[in-house]
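Engineer: No letters, just coordinates:
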C-alpha cells in the first residue's frame, strides 16, 4: 500500500516534469526537467525490482544525457528558442 | 622515484577505500582490485606530494573534524533562524581574505570549510586572495575579515598540511 | 502495480509524442524524443513485474519463483545506452544544421519537404 | 490550430487504445516462461547470482555485441560530423575560455582516481551485485567529463582511446569465438572455471567480458563527450 | 537491536528536516549567492545525517556510509563554489541591499 502511494506520487511528479519540459519557455529549464524525469523514473525502476536498470538510468539518463544536451545547447547559442 | 612512491601510495589508498566499501578481505578480490587501482593511479594521478603523516597531525586532524562538524551544525541553525523570520535579515557582500596556506590540498580544505561554515561561501581564489560571499558583512577590510573568517581554520590546517 | 506503471509509461509516451509533433525547436523535439524513450522503458520494465517480486539477484533472501523477469531488464539496459548515443547523434546533426542556417526552427528547413 | 487539434485527437485515440489494453492487466503472482528458466539456471549453470548480467553477457550475448557495435557507429558518426570542420574557425575561438578555478582543479585531481576506481568496481562486480559494463562505462565517462570541466584545454589522446576501444572490441569477439570452439556455443562463458560464488574471479568469462564492454562503452561515451563538448 | 533502528530512523528524520529547511531557504532567499548559502549548508548536513542514519539502521553498511559522507563533504562545497563562480563571471549582480562586491571591483582594476 505504501509503495502504491509512493508510486502514484512519483508518477504525478514525473508527468508534471514531462509537461514542463515540453511547454517551458526556456530551453535550459526544459533540459533540467528532462533530467528530473530520468531521475524519478529510476526510482520507479527500483520499486519495480530492477536495480540494474535504475543505476543505468540514473547514471546515463540523468547524468550524461543532460550534459550532452547542455553541450548542444551551448554550441547552438540556443537563445532563440522560437517556440510559440 | 618520489613520483613513483606517490602513485603507489595513491593505489594503496584506493585499495583501502575498496576494502572499506565492500567489507571483503578475500585474497582474490583484493588482488584484482589492487591491479585495477595500480592501473588507475598510473594513468590518472597528478602525483602531488603527499603530506607526511605524523601522530601530531593525525591528532590535529581529528580535532579539526570535530571543530568543522560543530561549525556545520552552527551554520545550519544560523540558516534556519534566518529563513523562519518574516523578513530575512541580510547584509550580504563579497569580501576578500588572505590565506597563508601553500599546499593545494590545504587550500581546498580551507575553501570547502569556509563554504560550510556560518554565513560564508567561497566564490573565487586568486593566488593567496580568497573572495568570500558573506551573508552578514561585519567589515570590508581585508585583514579584519581574514581574522574573522579564516583564522580559526588556518590554525589547524597550518599544522596538518604545513 | 503493473497496470499503474504501464499507465504512467503510456502517459509519458503521449506527452513525448505531443512534444515531437507540436514543438518547432529542434532541440526540444529531441528532448521530447528522450521523454518518449523513458516512457517506453517504463512500460517494458512493468511488463516483467511479478507481485511482491524481488530483484533478479539470487541470494539467501530471494525466494524461488518470486523474482521479477530479467529479460525485459536486460533489453532496457542496452536500450538506454543506445538511446543516449542516438540522441547524441541527432544533436550532432542539429549542430551541423545550425552552422549552415543559423537557426533551430524546424520550419526553416524546407528543402526536405515533400 | 486545426493541426494541433488533429494531433491531439490522434494521440488521445492511441492513448485510449493503449490504456484499454493495459488497464485490466493483473500482476502475475509467479514468474513463468523464458524468464523463469533463466532465473533457475543462472546460478547452477553459470554461477552468476545476478541474472540480468547472465542474460546480457551470455544467454543474449550476441544482442549485446550488436548493441555495442551500434554504439561504436554512433560515436564514429558524431566525430565525423563535428570533428572535420576543425581548423576553419580558428579565429572564432578568440573568446578565450576562462581557466577553471584552483579549487575545482584540485578537487578534480582528488576525485578522478576515486571515481575511476568506482567505475572499475561496478563493472568487475557486475555478476555479483547490480551493475555491469554499461553502468561502469558511464561512470568512467563521467570521470572524463570532470577532467574536461576542470581543465578546459584538456584533449583526449585519440590514439590511445582508439587503440583501447578497438583492442577491447577485438578481445570481445575473440572470447566469443573461443566459446564456440572450446565450450558449447558462441559467447559461452564456461570457457574458464566457474569458481566459487561471490568472488570477483568466478562465473567463467563473465567478469572479463563485462570489463571489455565497460572499457568499450567508457571510451565511446568519452569520445562522444569529447566531440560534442570541445569547441573546435 | 531495536534501539539502533529507532535511533537510525530518528537521525534520518532530522536529516530530512534539514533538507526541507534548505529547500525553504532556496525559495525564500533573494539572489543566487544567498540561495547557494542556504542550499549548500542545509543539503550537506541533511545528506550527512541521512546517510549516518542509514548506517546506524544497518550497522553492516556503516563503513560504506562513512565513505559516502566524506565524498559528499568534499564534492558538495566544490560544486556550489563552481556554480557561484560561474554566476559571478556570467555577470549576475548581487541583490540590492548588498554592502560591497570586492571581486567585481578587483576585476575591473585588472582590466583597466
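Structural biologist: Thanks, I have the structure now. Note that the structure is a prediction, hence the values are computed from the model and not measured.

Engineer: contacts for the helix or strand where residue D:68 lies?
Structural biologist: Element membership for residue D:68, per DSSP states H and E: helix D:61-83. By Cβ atoms under 8 Å, 6 or more residues apart in numbering or on different chains, the list of residues contacting helix D:61-83 from outside reads C:78, C:81-82, C:85-86, C:88-89, C:92-93, C:95-96, D:56-57, D:165, D:169, D:172-173, D:176, D:186-187, D:209, D:213, D:216-217, D:220-221, D:223-224, D:226-228, D:232. To be clear about C-beta, it is placed using only N, CA and C from the backbone, and glycine gets the same treatment.

Engineer: Among the residues you listed, name the buried ones.
Structural biologist: C:78, C:81-82, C:85-86, C:88-89, C:92-93, C:95, D:56-57, D:165, D:169, D:172, D:176, D:187, D:209, D:213, D:216-217, D:220-221, D:223-224, D:226-228 (16 or more other Cβ atoms under 10 Å in any protein chain shown).

Engineer: Out of those, which sit inside strands?
Structural biologist: Members of the buried ones among the contacts of helix D:61-83 lying in strands (criterion: DSSP state E): none.

Engineer: re the thing from before, after the helix holding residue D:68, next one along is what?
Structural biologist: helix D:102-124.

Engineer: who does that next one touch, helix- and strand-wise?
Structural biologist: Applying 3 or more Cβ pairs under 8 Å, 6 or more residues apart in numbering or on different chains; DSSP states H and E, one finds that helix D:102-124 contacts helix B:2-22, helix B:27-43, helix B:104-116, strand B:120-126, helix D:133-150, helix D:206-229, helix E:62-89.

Engineer: would you list these in CSV and tack on distance to chain C and mean pLDDT?
Structural biologist: Formatted as CSV, those follow (distance: least, Cβ to the nearest Cβ, whole Å; pLDDT from 0 to 100):
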stretch, distance to chain C, mean pLDDT
helix B:2-22, 15, 82
helix B:27-43, 17, 82
helix B:104-116, 32, 83
strand B:120-126, 31, 81
helix D:133-150, 5, 88
helix D:206-229, 5, 86
helix E:62-89, 18, 87
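
Engineer: Any chance of these in CSV with distance to residue C:74 as columns?
Structural biologist: Listed next are the helices and strands packed on helix D:102-124 as CSV, based on distance: least, Cβ to Cβ, whole Å:
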stretch, distance to residue C:74
helix B:2-22, 25
helix B:27-43, 25
helix B:104-116, 41
strand B:120-126, 45
helix D:133-150, 10
helix D:206-229, 13
helix E:62-89, 27
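
Engineer: okay, these in JSON lines with distance to chain A next?
Structural biologist: Shown next, in JSON lines, are the helices and strands packed on helix D:102-124 (distance: least, Cβ to the nearest Cβ, whole Å):
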{"stretch": "helix B:2-22", "distance to chain A": "16"}
{"stretch": "helix B:27-43", "distance to chain A": "18"}
{"stretch": "helix B:104-116", "distance to chain A": "23"}
{"stretch": "strand B:120-126", "distance to chain A": "22"}
{"stretch": "helix D:133-150", "distance to chain A": "4"}
{"stretch": "helix D:206-229", "distance to chain A": "4"}
{"stretch": "helix E:62-89", "distance to chain A": "12"}
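
Engineer: list the buried ones in stretch E:38-58?
Structural biologist: Buried-residue list, stretch E:38-58, by 16+ other Cβ under 10 Å: E:38-57.

Engineer: Now narrow those to whatever sits close to chain B.
Structural biologist: For chain B, the contacts drawn from those by Cβ under 8 Å from any Cβ of the partner chain are E:38, E:40-42, E:44-45, E:48.

Engineer: What about the residues you listed, which are in helices?
Structural biologist: Counted as lying in helices by DSSP state H, out of those, are E:38, E:40-42, E:44-45, E:48.

Engineer: Name the nearest of those residues relative to chain D.
Structural biologist: residue E:40 (13.5 Å; Cβ to the nearest Cβ).

Engineer: any idea of the pLDDT on the closest one?
Structural biologist: pLDDT for residue E:40: 86.

Engineer: Which residue is the nearest non-sequential neighbour of it?
Structural biologist: Leaving aside its sequence neighbours, residue E:40 sits nearest to residue E:80 (Cβ to Cβ, 6 or more residues apart in numbering or on different chains; 4.2 Å).

Engineer: Go through the ones next to chain B among the buried residues of stretch E:38-58 and say which is closest to chain C.
Structural biologist: For those, the nearest to chain C is residue E:48 (27.7 Å; Cβ to the nearest Cβ).

Engineer: so how many other residues sit close to the closest residue to the closest one other than its chain neighbours?
Structural biologist: Leaving aside its sequence neighbours, residue E:48 sits nearest to residue E:69 (Cβ to Cβ, 6+ apart; 5.1 Å). When neighbours are counted by other Cβ atoms under 10 Å in any protein chain shown, residue E:69 registers 18.

Engineer: can you check residue D:202 too?
Structural biologist: With other Cβ under 10 Å as criterion, residue D:202 counts 21.

Engineer: OK, contacts around it?
Structural biologist: Counting by Cβ under 8 Å, 6+ apart, residue D:202 has contacts D:47, D:127, D:194-196.

Engineer: So of those, which two are at opposite extremes in space?
Structural biologist: Using Cβ to Cβ, the two most remote members of the contacts of residue D:202 are D:127 and D:196, lying 12.5 Å apart.

Engineer: Which residue of the two possesses the greater neighbour count?
Structural biologist: Between residue D:127 and residue D:196, counted using other Cβ under 10 Å, the more crowded position is residue D:127 (32 against 12).

Engineer: three-state assignment of the more buried one?
Structural biologist: With DSSP: H, G, I helix; E, B strand; the rest coil as the basis, residue D:127 sits in coil.

Engineer: Against chain C, how distant is it?
Structural biologist: Residue D:127 is 10 Å from chain C, where distance means Cβ to the nearest Cβ, to the nearest Å.

Engineer: How about the contacts made by that residue?
Structural biologist: Counting by Cβ under 8 Å, 6+ apart, residue D:127 touches D:48-50, D:53-54, D:57, D:202-203, D:206-207, D:210.

Engineer: export these to a markdown table and tack on distance to residue A:60?
Structural biologist: Shown next, in a markdown table, are the contacts of residue D:127 (distance: Cβ to Cβ, whole Å):
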| residue | distance to residue A:60 |
| --- | --- |
| D:48 | 23 |
| D:49 | 24 |
| D:50 | 19 |
| D:53 | 17 |
| D:54 | 22 |
| D:57 | 19 |
| D:202 | 27 |
| D:203 | 25 |
| D:206 | 21 |
| D:207 | 21 |
| D:210 | 16 |
